[in-house]
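Undergrad: Give me a 3D structure for the following:
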Amino acid sequence: MAELSDARAELARLKCRELELLQDLLDVRKALAAQTVMIDELVKASAIPPISRLPNELLARIFLLIGDARESLASVSRRWRAVIMDTPSIWSEIWLDQYRSRPTLLKLHLDRSRQAPLTITIYYNQTELEVILPHANRIRTLGIFGSASDVVAVFASVAFPSLEDLLVDLELGSVDPLLSMYSRCPALKCLTLWGLNKPFLATSLTAGFPGNSIPHCMSRNFPAESLTTLLLLGITESGDFPLGSIHFPILESLTLQINDPMSFLEAIVAPKLRRFEYSMGYGLNYICRAFNGPTSKFDSVFHISFTPSRLKTFSQDAFDLAKGLCQVFRRVRHASIHMAYFLVLSHWGLVYRSDHHLPIDNWTCLECLEILGFSFNQADCRKFFVEWFTKRRNSEQRRLHLKLVSDDSASDFLAIRETSNAYQVLQRCCASVELYRTPASPGTCLSASSGSLQLGPPVFELDSASQTDFAAPVQTCPVKTVETLLAQLWSL
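TA: Numbering: from 1, shown residues only. You can find the predicted model right below:
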């Protein structure tokens, strides 16, 4: 009996000990939870935001990308304000119209820019121009809008030794006011002239460059000796130019949006020209005619672009000019053209006839083709697109690197079903296919905001694809989030 009593006593003691240990465990767990909460609160209170851990140099670069929000950013914190005030390049871009009747603020802005190169945009003549003049030696980029002749008159005796990029909106005027300015811009590389409705010619001027076959005033209309980039935009009366009368010894890039591009191309001699862009202008009465001159002078042009007007309108005259330009620039390797131009240049409806020489076939050296405004919304367009690439493959022409750029930026994601034949056709006919805001395969979700996506095989085909094949919602393409994967992991 004594042994039984001892055993029962020991059991009772162990039960009490169990309760004590359980209580201790509960107390420890409560303390652990409380300590964890306290540590989390301390970490949150003392944590430094990621952007605050960036060095000042990187923070300044971010502010430069934000643009003209410097005043708002400066009010965020003392450090941000110090970085903004101590970074001259943040203050290097000035829209003069924002300082109308505020010359003191403009002077403060210029002081903060210190000796950084300036980008100045001027709208009409205003008294604040006088504040800018002492800093003319720092102006690297200058844009003049409105009454250009009045603004240039203010600069009559001012030199711009650092000016590299000049944009002038001539506002239906003449280039004559600029002639005296060029000699004071020895570093000028890029010139953009916009909105001229009078002929370039000024018959009283006869000076020409050495080697010109005919003395011509155009030699004074442009600072041709120093230009590497020239843009003539919205010009409705370009005039007649003698053959080979305009020499650009180092010009590398030319953009034309003028009513008679053939006449200008016949006149220029640009041995280093590499890029040409033909931009359709709104309201231009184009002069469509064949090129009268040696096309061999443009054999060094490897990049060409055909772009629509800002309103994305098209005219038959513009299309006819594009066809002629295909014959002028025959050594093109990289072409960027709008879908509307592509349909015209590849001669919609004649792709099955091998005896036709299509305008785009003049580009025998073509390696890369970028199609802007790409869309398969129309069945005929879809069918024609595939037929052209199939014809090109069957004739054993060079396989192209193709980039398709869609204008549809409204949808974040698009998808094409694997049953579509489009990927197989382009895979067989092209060296590679790059998609930008363009439908992707179900295996790949492409965000419109993420830029472009380079696809390897399989790429795509199109014969029997319907419109719904090219607009299948992203829901058909399942995407697992990190949270979903973690939940599955813990459920194992």
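
Undergrad: residues making contact with stretch 104-121?
TA: By Cβ atoms under 8 Å, 6 or more residues apart in numbering, the list of residues contacting stretch 104-121 from outside reads 85, 88-97, 99, 128, 131-132, 135, 138-143, 145, 162. Where you see a C-beta, it was placed from the backbone N, CA and C, and this is true even at glycine.

Undergrad: Same question for stretch 364-373.
TA: 302, 307-308, 312, 330-340, 342, 360, 398, 400-407.

Undergrad: which stretches of the stretch 251-400 of the chain have low pLDDT?
TA: Of all residues in the stretch 251-400 of the chain, those with pLDDT under 70 make up the ranges 282-283, 310-313, 347-356, 376-382.

Undergrad: Near residue 181, how many other residues are there?
TA: 21 (other Cβ atoms under 10 Å).

Undergrad: measure it to residue 144 for me?
TA: 10 Å (Cβ to Cβ, to the nearest Å).

Undergrad: Whichever of the contacts of stretch 364-373 end up buried, select them in PyMOL.
TA: A single PyMOL command suffices to select whichever of the contacts of stretch 364-373 are buried according to 16 or more other Cβ atoms under 10 Å:
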select buried, resi 302+307+308+331+332+334+335+336+337+338+339+340+342+360+400+401+402+403+404+405+406
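
Undergrad: From the contacts of stretch 364-373, which land in strands?
TA: 307, 334, 335, 336, 337, 338, 400, 401, 402, 403, 404, 405 (DSSP state E).

Undergrad: With distance to residue 32 as new columns, can the residues you listed be given to me in a markdown table?
TA: As requested, the ones in strands among the contacts of stretch 364-373 are exported to a markdown table (distance: Cβ to Cβ, whole Å):
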| residue | distance to residue 32 |
| --- | --- |
| 307 | 66 |
| 334 | 65 |
| 335 | 68 |
| 336 | 63 |
| 337 | 67 |
| 338 | 66 |
| 400 | 65 |
| 401 | 61 |
| 402 | 61 |
| 403 | 58 |
| 404 | 58 |
| 405 | 57 |
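
Undergrad: Residue 267 touches residue 247, doesn't it?
TA: No: at 9.6 Å, residue 267 does not count as touching residue 247 under the criterion of Cβ atoms under 8 Å.

Undergrad: about what we covered before: from the ones in strands among the contacts of stretch 364-373, which is closest to residue 375?
TA: residue 404 (9.5 Å; Cβ to Cβ).

Undergrad: mind listing what that closest one touches?
TA: Contacts of residue 404 by Cβ under 8 Å, 6+ apart are 371, 374, 433, 434, 435, 436, 438.

Undergrad: need the residues you listed in a markdown table with secondary structure and distance to residue 241, can you?
TA: Output for the contacts of residue 404, formatted as a markdown table (DSSP: H, G, I helix; E, B strand; the rest coil; distance: Cβ to Cβ, whole Å):
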| residue | secondary structure | distance to residue 241 |
| --- | --- | --- |
| 371 | strand | 33 |
| 374 | coil | 36 |
| 433 | strand | 42 |
| 434 | strand | 39 |
| 435 | strand | 42 |
| 436 | strand | 38 |
| 438 | coil | 41 |
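
Undergrad: export the helix or strand containing residue 71 as PDB, just CAs?
TA: Taking DSSP states H and E as the criterion, residue 71 maps to helix 70-74. Presented in PDB, the C-alpha positions along helix 70-74 are these (Å, rounded to 0.1, in the frame of the first residue of the first chain):
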ATOM      1  CA  ARG A  70      12.500  70.600 -58.800                       C
ATOM      2  CA  GLU A  71      10.600  73.100 -56.600                       C
ATOM      3  CA  SER A  72       8.200  70.400 -55.400                       C
ATOM      4  CA  LEU A  73      11.100  67.900 -54.800                       C
ATOM      5  CA  ALA A  74      13.100  70.500 -52.900                       C
END
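
Undergrad: The helix or strand following it: which residues count as buried?
TA: Sequence order places helix 78-85 as the next helix or strand after helix 70-74, per DSSP H and E. Judged by neighbour count (16+ other Cβ under 10 Å), helix 78-85 contains these buried residues: 80, 83, 84.

Undergrad: what's next to helix 78-85, contact-wise?
TA: Against helix 78-85 from outside (Cβ under 8 Å, 6+ apart): 52, 56, 59, 60, 63, 70, 73, 74, 75, 90, 112.

Undergrad: Return the distance of the third one relative to residue 88.
TA: When distances are taken as Cβ to Cβ, residue 59 and residue 88 turn out to be 15 Å apart.

Undergrad: Look at those two and report which has more neighbours.
TA: Using other Cβ under 10 Å as the criterion, residue 59 and residue 88 rank with residue 59 on top: 19 against 15.

Undergrad: so what's in contact with residue 181 and residue 144 at the same time?
TA: Between them, residue 181 and residue 144 share these contacting residues under Cβ under 8 Å, 6+ apart: residue 152.

Undergrad: Correct me if wrong: residue 262 contacts residue 286.
TA: No: counting by Cβ under 8 Å, residue 262 sits too far from residue 286 to count as a contact (9.7 Å).

Undergrad: Need the residues touching each of these two.
TA: With Cβ under 8 Å, 6+ apart, residue 262 and residue 286 have common neighbours residue 321.

Undergrad: pLDDT value on residue 17, please?
TA: What the model reports for residue 17 is a pLDDT of 85.

Undergrad: Now do the same contact list for it.
TA: Taking Cβ under 8 Å, 6+ apart as the definition, residue 17 has no contacts.

Undergrad: Now do it against residue 329, distance only.
TA: Counting by Cβ to Cβ, the gap from residue 17 to residue 329 is 95 Å.

Undergrad: how about residue 142, secondary structure?
TA: Three-state assignment for residue 142 (DSSP: H, G, I helix; E, B strand; the rest coil): strand.

Undergrad: circling back: which other residues reach the helix holding residue 71?
TA: Contacts for helix 70-74 (Cβ under 8 Å, 6+ apart): 63, 66, 80, 81, 84, 85, 90, 91.

Undergrad: pLDDT averaged over that helix - what is it?
TA: pLDDT averaged over helix 70-74 gives 84.

Undergrad: just how off-centre is it within its chain?
TA: For helix 70-74, the separation from the chain centroid amounts to 26 Å (computed by Cα atoms, centre = their mean, to the nearest Å).

Undergrad: same question, stretch 4-21
TA: 82 Å.

Undergrad: same deal with stretch 76-93?
TA: For stretch 76-93, the gap between its own C-alpha mean and the chain's C-alpha mean amounts to 27 Å (Cα atoms, centre = their mean).

Undergrad: Could I have the CA atoms of that stretch written out in PDB?
TA: The C-alpha trace of stretch 76-93 is given here as PDB (Å, rounded to 0.1, in the frame of the first residue of the first chain):
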ATOM      1  CA  VAL A  76      10.400  67.000 -49.400                       C
ATOM      2  CA  SER A  77      13.400  67.000 -47.100                       C
ATOM      3  CA  ARG A  78      16.500  69.100 -46.200                       C
ATOM      4  CA  ARG A  79      18.700  66.500 -48.000                       C
ATOM      5  CA  TRP A  80      16.700  66.600 -51.200                       C
ATOM      6  CA  ARG A  81      16.800  70.400 -51.200                       C
ATOM      7  CA  ALA A  82      20.500  70.400 -50.600                       C
ATOM      8  CA  VAL A  83      21.100  68.000 -53.500                       C
ATOM      9  CA  ILE A  84      18.800  70.000 -55.900                       C
ATOM     10  CA  MET A  85      20.400  73.300 -55.000                       C
ATOM     11  CA  ASP A  86      23.900  71.800 -55.300                       C
ATOM     12  CA  THR A  87      23.400  70.200 -58.700                       C
ATOM     13  CA  PRO A  88      23.800  72.800 -61.500                       C
ATOM     14  CA  SER A  89      22.600  70.500 -64.300                       C
ATOM     15  CA  ILE A  90      19.100  70.400 -62.600                       C
ATOM     16  CA  TRP A  91      18.900  74.100 -63.300                       C
ATOM     17  CA  SER A  92      20.300  74.000 -66.800                       C
ATOM     18  CA  GLU A  93      17.000  73.800 -68.800                       C
END
